[in-house]
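**Student:** I would like the atomic coordinates for the input below:
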Amino acid sequence: MTETTNHPTYESTTERVKAWLDGSTLHIRFNNPARHNALSVDMWEAVPPLLRVAREDGRVRLVVFSGEGDKAFVSGADISQFEDMRAAKEAVKRYEAMAEESLMSIHDFPKPTLAVIRGYCIGGGVNVAISCDIRIAASNSVLSIPAARLGLGYRYSAMKNLVDLVGPGVAKDLFFTARRIDGDEAQRLGLVTRSCPADALDALLAEYTTAMAENAPLTIQAAKAITREILKPSPELDMELCTALIQGCFQSADYAEGRTAFMQKRKPVFSGR
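**Tutor:** Numbers count the residues shown, from 1 in each chain. Predicted coordinates for the structure are as follows:
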């Protein structure tokens, strides 16, 4: 008698996130091309359940995040939901908690994760990418963290991921100026691991999927876990202060101005209040 094994299936909770297994690689693709793959609430919520299944699936050795089409990896938050979900104080808390759960599910996933960046990778897209272990990008990609143009408070975990990755100097430069950089500069700054011409990106991805399929998974997972231990926060961290500073941004007149200006497609005028 032949013994059969029932493998889990990967069914997304929304059509705006696709998921499929290709050999030992689980692909999770953000599928909102009409809005350059901007992250809507249902897209944020779809990621943790998929990763919970992949965590226990012995077939999965690598999870690859990508965006539908060639225009964008993720272009930030879905602005059609921006006013409703991030305007009121309680809505901000709910939205931030939801995004945090999704990003931390990627960051804390025990197996290797990789972001494939084509086109725009803005704001929340950068947060998704830097939550992954490895980032590869097309040279003509556009990356930016525009929080300072919106008056947003940036959560501690996202800032820590950025600083851990590129160092405080580069993190401040990118964050304070909100400037846009291409994939090649992102590699020079350490924001992405490797960059290449757009038509070579699939071949570069294949290098990683092949390596992860062939290399020892327990060794890789041990290295990932130990690296996480090395990067743990100092016991002197004042998390209450960090939280208060973030909440102060969301409660400010500048945040209201930044949100309104973004919706009206005009340059904001900040007062520092």
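
**Student:** got any ranges where the stretch 51-200 of the chain has weak pLDDT?
**Tutor:** Within the stretch 51-200 of the chain, the set of residues satisfying pLDDT under 70 comprises 79-92.

**Student:** where do the helices of it begin and end?
**Tutor:** Using DSSP state H, counting those that start in this stretch, the helices assigned to the stretch 51-200 of the chain run over residues 82-86, 89-107, 124-131, 156-166, 168-177, 183-189.

**Student:** show the pLDDT at the closest residue to Val53 other than its chain neighbours.
**Tutor:** When the adjacent residues along the chain are set aside, Val53 lies closest to Pro8, with 4.9 Å between them (CB to CB, 6 or more residues apart in numbering). Backbone N, C-alpha and C define where each C-beta goes, glycine included. According to the predicted model, the pLDDT of Pro8 comes to 89.

**Student:** ok, Leu50 next?
**Tutor:** With respect to pLDDT, Leu50 has a value of 98.

**Student:** assign a three-state SS to it, would you?
**Tutor:** In three-state terms, and counting by DSSP: H, G, I helix; E, B strand; the rest coil, Leu50 is helix.

**Student:** count the neighbours of it for me.
**Tutor:** By the measure other CB atoms under 10 Å, the count of residues near Leu50 is 19.

**Student:** ok, now Val170?
**Tutor:** Residues within reach of Val170, counting by other CB under 10 Å, total 16.

**Student:** roughly how far does the closest residue to it other than its chain neighbours sit from Leu165?
**Tutor:** Nearest residue to Val170 in three dimensions, chain neighbours excluded: Leu189, at 5.0 Å (CB to CB, 6+ apart). With the distance defined as CB to CB, to the nearest Å, Leu189 ends up 9 Å from Leu165.

**Student:** can you count the residues close to the closest residue in space to Asn32 that isn't next to it in sequence?
**Tutor:** The shortest distance from Asn32 to any residue other than its chain neighbours is 4.9 Å, reached at Arg16 (CB to CB, 6+ apart). Around Arg16 sit 23 other residues, with neighbours defined as other CB under 10 Å.

**Student:** right, and Ala213 touches Arg59 too?
**Tutor:** No. Because the distance of 10.3 Å does not satisfy CB atoms under 8 Å, Ala213 is recorded as not touching Arg59.

**Student:** list the residues that contact both of these two?
**Tutor:** Ser24 (CB atoms under 8 Å, 6 or more residues apart in numbering).

**Student:** quick one, what contacts His7?
**Tutor:** By CB under 8 Å, 6+ apart, the contact set of His7 is 57, 59.

**Student:** just to be sure, it is in a strand?
**Tutor:** No. Assignment of His7 by three-state DSSP gives coil, placing it outside any strand.

**Student:** now it: how far from Leu26?
**Tutor:** Taking CB to CB as the measure, His7 and Leu26 are separated by 12 Å.

**Student:** who touches both of those two?
**Tutor:** Listed contacts common to His7 and Leu26 are Asp57; contacts here mean CB under 8 Å, 6+ apart.

**Student:** what about the strands in this structure?
**Tutor:** When assigned using DSSP state E, the strands of the chain occupy the ranges 17-22, 25-30, 62-67, 72-74, 113-117, 120-122, 134-138, 142-144, 181-182, 194-196.

**Student:** deepest in the core, which of those is it.
**Tutor:** Most buried of the strands of the chain by mean neighbour count (mean count of other CB atoms under 10 Å) is strand 72-74; its value is a mean of 28.

**Student:** which secondary structure elements does that one contact?
**Tutor:** Here strand 72-74 touches strand 62-67, strand 113-117, strand 120-122, helix 124-131, going by 3 or more CB pairs under 8 Å, 6 or more residues apart in numbering; DSSP states H and E.

**Student:** I appreciate the help and will end here.
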